[in-house]
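> based on what follows, work out the 3D shape:
(chains A and B)
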Amino acid sequence: MRTIRFLLQKEFRQIFRDPAIIRLILIMPVIQLMVLPWAADYEVKNIKLAVVNQDHSEYARQLVNKITASGYFNLAAYSGSYNEALHQIEEDKADVVLQIPAGFEKNLVKENEATLFMSLNAINGVKASLGGAYLGSIIQDYNRLVRTEWIQMPRFSPETQIAITSSNWFNPLMNYKYFMVPGILVILLTMVGANLTAINIVKEKEIGTIEQINVTPVRKFHFILGKLIPFWLLGFVVLTIGLTIARLFYGIVPVGSFFTIYVFSAVYLLAVLGLGLLVSTYSSNQQQAMLLSFFLMMIFILLGGLYTSIDSMPEWAQWITRFNPVSYFIEVMRMVVLKGSSLADIRIHLLIMLGFAVFFNGWAVLSYRKRT
Amino acid sequence: MPAVTVEHIIKTYGKKKEVLALNDLSFDVAPGELFGIIGPDGAGKTSLFRILTTLLLADSGKATVDGFDVVQSYKEIRKRVGYMPGRFSLYTDLSVEENLNFFATIFNTSIKENYDLVKEIYVQIEPFKDRKAGKLSGGMKQKLALCCALIHRPSVLFLDEPTTGVDAVSRKEFWEMLKGLRQQGITILVSTPYMDEARLCDRVALIQNGAILSINTPAGVVDEFSYPLWAVQSPAMLPLLNELKALPFVKDAYPFGAYHHVVLNNAAAENQLHQWVQQFAVTNVQAKKITADIEDCFIALMKN
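Take a look at the predicted model:
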C-alpha cells in the first residue's frame, strides 16, 4: 500500500506539472460540449427554395406562402422560367425548385386536380430526401386545406377521417441537443480514459524510465494501479465538468439520478482504462499508441450510435457494436438522462461493462512484462 | 561467494536467432571489486547488464547476482542491485530531490537513512535540488542517476556506460566517485568503450562480439602483451604507415595519437626496425621503444 501511495504521489505531481494535460482536461470538454451539439443536428432547416411561378394566381401565392411559413424553407429565388431556377441550383444558390405551371388554379378548380413539378439537388442526399419529403407533406397539407374550403360544411361530417399524428416520448420537442450532449460526454470520457493512459505509460517506455522502475521491487500490479487510479479520478472530473456544462448551457437535467450515471461511469472508466493499458503494452512509442487509439476511437464513435442509430445499421455492423463499450455507455447515458432509467434498468449494461473491464485489464496485466 | 557469477550465458536476437549478442560468456566478480567490462559499441555490454539486472532473459546459461539466480530469484535481486542505464532514464519533469525521494521510497527507504552513502555525490547537485532533472547538464544528470541507483544501498551496482558523452573533467570526477564507493564495500560492474578507463578498474574483461577476449587486472592484461612495441613518427604519417605495414618483420602497425604503434614479430626484429629507421634518417623518422597500453593489448587481441 505504501508503494502505491508514492507511485500516486509521483503520478499526480507529473500530471499537475504538465500544463498541456491540465488544459486539455479542462478545456477539451468545455469546447466540445459547447460547439458540437449545435453543429451535430439532423434536422434539415434552411433549405433554399427556388419557385418558378408561371401561374400567378391566388392559389399559387397561397401555396408559396404556406411553404415559406413552415420554417424549413427559405425562398432563395422567385422567377418565371425553369431554366433560370436550374441555374440557381447550379450555382448552389438553391436546393429545391418548385415549378407551378401555368393554369394551376384553373385546372385545380375545373378538373379538381393539378400538377406541380419539384426538382431536388441530390448532391447532398440527406437534404434532398428530407427536403423533398417536407415539401411533399406541405403540399399535401395545402391540398387538404383547399378541399375543406370547398366542402360545404354539413352539420355532421359525412366522411369520418382518421388522422395519424405522432408525439416523441422522452424528448417531446425532438431537441437534438438532448440527444447529442450525453453522447459527446461519453466520447470525452473515453478519450481521457483510453488515450491519456496509453500515452502516459508509453511515454515512460519511450524515455526509458520504465526500465529504471522495472529493476526496482515495485510490483507489476502496483505499477499498473498507480497508473490507473489517477486517470480514473480525472475521468470523474471530466464527467462532472461535462454534466455541469450540460446543465448550464443546455438545461439538461438528467431525469434519472446522478448516482446511476456515476456508478456506471466508474465501471466504464475501468474498462476504457484497461483498453488504454492494453494499447500501451502493444505500442513501443507514443506515435504508435496515438495511431492505435485513433483507429479504435474512430470505430468506437462511428459504430457507437452517437451519430447514426445502431438499429438502422446492417446486421453485421450491429454485431460489431456489441463489442464496442462506447455504444453501451451512450445508450445508458441517454436512458438515464432522457428516460430516467435506474440502476435496475441498466443492470445488463452494467454487467457487460464489468465484463469488458475484467477482459481488458486482465489481458493488459497478463501481457505487461517487467522483463523481456 | 562471488558477488556476480556468469556461466555460459548465450543471448541471441532476431526471429531466427541470427544476431548473436552474447556468445558463451563466463566470468566471476569478487565482492567489493570494481570490475570493468571494456568493449566497443555492439560488443554485448548492455545485453549482459540487462540480463544481470533481470530485465532480459538469456537463451541459455546461468547467472547469479549476490548469490541469487537471475531467473528464479529475480525479486530478491531487484531489491539489492542498483542499475544505471546508459541512457538517462529518470523523470525529467520531477525535480532532483523528488527523483531521489521517489526512488528511495519505492525501495522502502528514505534519503535520510542512506544519506552517508550518497552524501559526497549529492552535495555536488544539492544546490540544484529544486531544478527539474531534465534541465540539468550532462554531468549533473549522471551524478543524479548515480545517486538514485545508490539510494537503497545496493550490494551490487551496475553502471552501463556511465561516462559516454560526458566531458573529460566530469569523467574523471565520476571515476573518483566510483573509487569512493568501492571503499564502502559495494561491488561495481561498469561498462565503458573507453580503454583509458580500464586502468582505473580492479579487473577488466575485454569483450568483443559477445565473447570475452581476456579477463585480468589492468596490469595483467598489459603483461600478457608479449611482443616488442615501438612508436614511430615522421612528418609524412600516412605513407609511413603503409611502408611500416609492408615490412616483413612487422606484425601490425596502426595509428595511435601522434605516433604509429608498431608491433614487431620478435625481439630480433627490433634491430631490423632500427636499421630501417636509420635509412630514413634524412626524412626525419623517429622511433622509440614503448610499453604496451591496454588499448594496444585490445587491438592485438581483436586481431588474433
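> got the contact list for residue B:166?
By CB atoms under 8 Å, 6 or more residues apart in numbering or on different chains, the contact list for residue B:166 reads B:138-139, B:142, B:174. All C-beta atoms are positioned from the backbone trio N, CA, C, and that covers glycine.
> repeat for residue A:85
A:50-52, A:77, A:79, A:94, A:97, A:99.
> and of those residues, the nearest to residue B:56?
Using CB to CB, residue A:94 is the member of these that lies nearest residue B:56, at 70.2 Å.
> may I have the secondary structure class of that closest one?
Secondary structure state of residue A:94, per DSSP: H, G, I helix; E, B strand; the rest coil, is coil.
> not counting sequence-adjacent ones, nearest residue to the closest residue to chain B within chain A?
At 3.4 Å from chain B, residue A:208 is the closest residue in chain A, using CB to the nearest CB. Of all residues beyond its chain neighbours, the one nearest residue A:208 is residue B:89 (3.4 Å), with distances taken as CB to CB, 6 or more residues apart in numbering or on different chains.
> close to chain A, is stretch B:43-53?
Yes - contact of stretch B:43-53 with chain A (CB under 8 Å from any CB of the partner chain) involves residue B:53.
> contacts for that stretch?
Here stretch B:43-53 has contacts from A:215, B:4, B:6, B:9, B:11, B:21-23, B:25, B:37, B:39, B:56-58, B:63, B:65, B:70, B:77, B:81, B:83, B:86, B:158, B:160-161, B:189, B:191, B:207-210, using CB under 8 Å, 6+ apart.
> go again with 6 Å.
Stretch B:43-53 is contacted by residues A:215, B:11, B:21-22, B:37, B:39, B:56, B:58, B:63, B:65, B:81, B:83, B:158, B:160, B:191, B:207-208, B:210 when judged by CB atoms under 6 Å, 6 or more residues apart in numbering or on different chains.
> need the CA coordinates for that stretch. CSV is fine.
What follows is stretch B:43-53 as a C-alpha-only set of coordinates in CSV (Å, rounded to 0.1, in the frame of the first residue of the first chain):
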residue,chain,number,x,y,z
ALA,B,43,30.1,-5.8,-28.1
GLY,B,44,27.1,-7.0,-25.9
LYS,B,45,27.8,-4.9,-22.8
THR,B,46,24.2,-3.6,-22.4
SER,B,47,22.7,-7.1,-23.1
LEU,B,48,24.9,-8.6,-20.4
PHE,B,49,23.8,-5.8,-17.9
ARG,B,50,20.2,-6.3,-18.8
ILE,B,51,20.4,-10.0,-18.1
LEU,B,52,22.1,-9.5,-14.8
THR,B,53,19.6,-6.8,-13.7
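> elements contacting the longest helix belonging to chain A?
Across chain A, the longest stretch assigned as helix under DSSP state H is helix A:220-250. When contacts are defined as 3 or more CB pairs under 6 Å, 6 or more residues apart in numbering or on different chains; DSSP states H and E, helix A:220-250 sits against helix A:2-17, helix A:19-39, helix A:176-190, helix A:258-282.
> where does pLDDT dip in the chain?
Assuming you mean chain A. Within chain A, the segments meeting pLDDT under 70 span A:41-43, A:152-161, A:370-372.
> not what I meant, chain B
Across chain B, the ranges flagged by pLDDT under 70 are B:280-283.
> can you give me the neighbour number for the residue nearest to residue A:235 when sequence neighbours are not counted?
Once flanking residues are discounted, residue A:235 sits nearest to residue A:269: 4.2 Å by CB to CB, 6+ apart. Residues lying near residue A:269 (other CB atoms under 10 Å in any protein chain shown) number 28.
> same check, this time on the one 10 residues further on
Close neighbours of residue A:279, defined as other CB under 10 Å, add up to 26.
> also residue A:224?
21.
> contacting residues for it?
The contact partners of residue A:224, by CB under 6 Å, 6+ apart, come to none.
> kindly recompute the last result at 8 Å.
Each residue near residue A:224 by CB under 8 Å, 6+ apart is listed here: A:277, A:364-365, A:368.
> ok, residue A:121 next?
A:89, A:92, A:94-96, A:127-128.
> adding secondary structure, neighbour count and distance to residue B:232, write the contacts of residue B:166 out as JSON lines.
Output for the contacts of residue B:166, formatted as JSON lines (DSSP: H, G, I helix; E, B strand; the rest coil; neighbours: other CB atoms under 10 Å in any protein chain shown; distance: CB to CB, whole Å):
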{"residue": "B:138", "secondary structure": "helix", "neighbour count": "13", "distance to residue B:232": "37"}
{"residue": "B:139", "secondary structure": "helix", "neighbour count": "19", "distance to residue B:232": "37"}
{"residue": "B:142", "secondary structure": "helix", "neighbour count": "26", "distance to residue B:232": "38"}
{"residue": "B:174", "secondary structure": "helix", "neighbour count": "20", "distance to residue B:232": "34"}
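> closest to chain A among those residues?
For these, the nearest to chain A is residue B:142 (13.9 Å; CB to the nearest CB).
> wait, that closest one sits on residue B:171?
No - Residue B:142 lies out of contact with residue B:171 (CB atoms under 8 Å); the separation is 9.3 Å.
> now do the shared contacts for the two.
Taking CB under 8 Å, 6+ apart as the contact rule, residue B:142 and residue B:171 both touch residue B:163.
> what's around residue 298, how many residues?
In the absence of a named chain, chain A is used. Applying other CB under 10 Å, we find 10 residues neighbouring residue A:298.
> think we crossed wires, I meant chain B
By other CB under 10 Å, 22 other residues sit near residue B:298.
> next, the contact list for it, please.
Residue B:298 makes contact with B:38, B:195, B:206, B:213, according to CB under 8 Å, 6+ apart.
> can you tell me the closest non-neighbouring residue to whichever residue of the stretch 101-250 of chain B sits closest to chain A?
In the stretch 101-250 of chain B, no residue comes nearer to chain A than residue B:105, which is 4.2 Å away by CB to the nearest CB. Distance criterion CB to CB, 6+ apart; nearest residue to residue B:105, sequence neighbours excluded, is residue A:6 at 4.2 Å.
> show the backbone phi and psi for whichever residue of chain B sits closest to chain A.
Relative to chain A, the nearest point of chain B is residue B:89 (3.4 Å; CB to the nearest CB). The phi and psi values for residue B:89, taken as degrees, to the nearest 10, are phi -130, psi 50.
> can you check the one 3 residues further on too?
Residue B:92 has phi and psi values of phi -70, psi -20 when expressed as degrees, to the nearest 10.
> got a list of what it touches?
A:207, B:132-134.
> and for residue B:148?
Contacts of residue B:148 (CB under 8 Å, 6+ apart): A:212, B:84, B:90, B:99-100, B:103.
> so it is in which element?
Per DSSP states H and E, residue B:148 falls inside helix B:138-150.
> state the number of residues packed around the spatially closest residue to residue A:40 that is not a sequence neighbour.
Leaving aside its chain neighbours, residue A:40 sits nearest to residue A:180 (5.1 Å; criterion: CB to CB, 6+ apart). Residue A:180 has 22 neighbours, counted by other CB under 10 Å.
> tell me the contacts of residue A:180?
A:36-37, A:40-41, A:306.
> which among the residues you listed end up buried?
A:37, A:40, A:306 (16 or more other CB atoms under 10 Å in any protein chain shown).
> hang on, the first one packs against residue A:182?
Which is residue A:37. No - using CB under 8 Å, residue A:37 is not in contact with residue A:182, being 9.9 Å away.
> any residues in contact with both of these two?
The contact sets of residue A:37 and residue A:182 do not overlap (CB under 8 Å, 6+ apart).
> what's around residue 125, how many residues?
Since no chain was named, I'll use chain A. Residue A:125 has 9 neighbours, counted by other CB under 10 Å.
> I was thinking of chain B, sorry if that wasn't clear
23.
> now do the contacts for the nearest residue to residue A:321 once chain neighbours are set aside.
Once flanking residues are discounted, residue A:321 sits nearest to residue A:327: 4.5 Å by CB to CB, 6+ apart. Taking CB under 8 Å, 6+ apart, we find residue A:327 in contact with A:300, A:303-305, A:310, A:321.
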